[in-house]
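In: give the three-dimensional model of this entry:
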Amino acid sequence: MEQYKKIAPTIVFSTASYDNVEAEIIAIGEMLNHQEDAKKFIVDYTARAKVAEEKIKAVIPEGITFSLFTLAEKEIAVIPSGNSGGEAMYDLLKLKAPTSIQKLIEDSNGDWQKQRISWEIVGDYVGDYVGVLDYGQEYETTFTWENLDVVKNNKVITFDGKYFFSADPISVINQAEHMAEQIIKLVQK
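Out: The predicted structure follows:
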């Protein structure tokens, strides 16, 4: 930290200290003495999120569930709200997680990054639709995966993982808009 201070004024900021994006942006606005810019950002962010959510609601019946995973050779990671695309899917778009994932989220008290599971039990965490964050890793799908109804019925959406790595507000709103577009395309096929 001291090295950075020699170059320019330095502020340490941890998003973990804030409950939501609005609180983060307000804090940043106060730190930088740009409170009005922070308020404008929040208004724009909220409006964009609402538009994306409404587009989804127009094509997805109430009660439909969505799972979000990353795939690897020997395991799958379940992505929760507030993390790597989960914030966009569950928090901004207000998509419903299956009961098994919702239980993981609730049991974690918000302190959960992702849950690794084996291929054999993936069916326990599958919603009506599945999003897969593809980070370009090699993996072989299994008999279990290939025989899931969601896979057989083409209800899996693959998202380029490199766009879902960051969880800053600008990245998250862009992720939500991208997810909404892709989900709508899939549902309207």
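
In: just the buried residues of the longest helix anywhere in the chain, please?
Out: For the chain, the helix with the greatest residue count under DSSP state H is helix 35-59. Within helix 35-59, the residues scored as buried using 16 or more other C-beta atoms under 10 Å are 38, 41, 42, 45, 49, 52, 53, 55, 56. The way it works is simple: take the backbone N, C-alpha and C, and place the C-beta from them, glycine included.

In: contact partners for residue 115?
Out: Contacts of residue 115 were listed using C-beta atoms under 8 Å, 6 or more residues apart in numbering, and they are 77, 78, 80, 104.

In: which of the residues you listed count as buried?
Out: For these, a neighbour count by 16+ other C-beta under 10 Å gives the buried set as 77, 78, 80, 104.

In: let's see which of those residues end up in strands.
Out: Among those, the members found in strands (DSSP state E) are 77, 78.

In: in a strand, that's where residue 181 is, yeah?
Out: No. Secondary structure of residue 181 (DSSP: H, G, I helix; E, B strand; the rest coil): helix, not part of a strand.

In: roughly how far does it sit from residue 187?
Out: For residue 181, the distance to residue 187 under the criterion C-beta to C-beta, to the nearest Å works out to 11 Å.

In: could you do residue 68 as well?
Out: 16 Å.

In: the two: which is more packed in?
Out: Regarding residue 68 and residue 187, a neighbour count based on other C-beta atoms under 10 Å identifies residue 68 as having more, with 31 against 16.

In: return the residues in contact with the more buried one.
Out: Residue 68 makes contacts with 78, 79, 85, 86, 89, 90, 130, 131, 132, 133, as judged by C-beta under 8 Å, 6+ apart.
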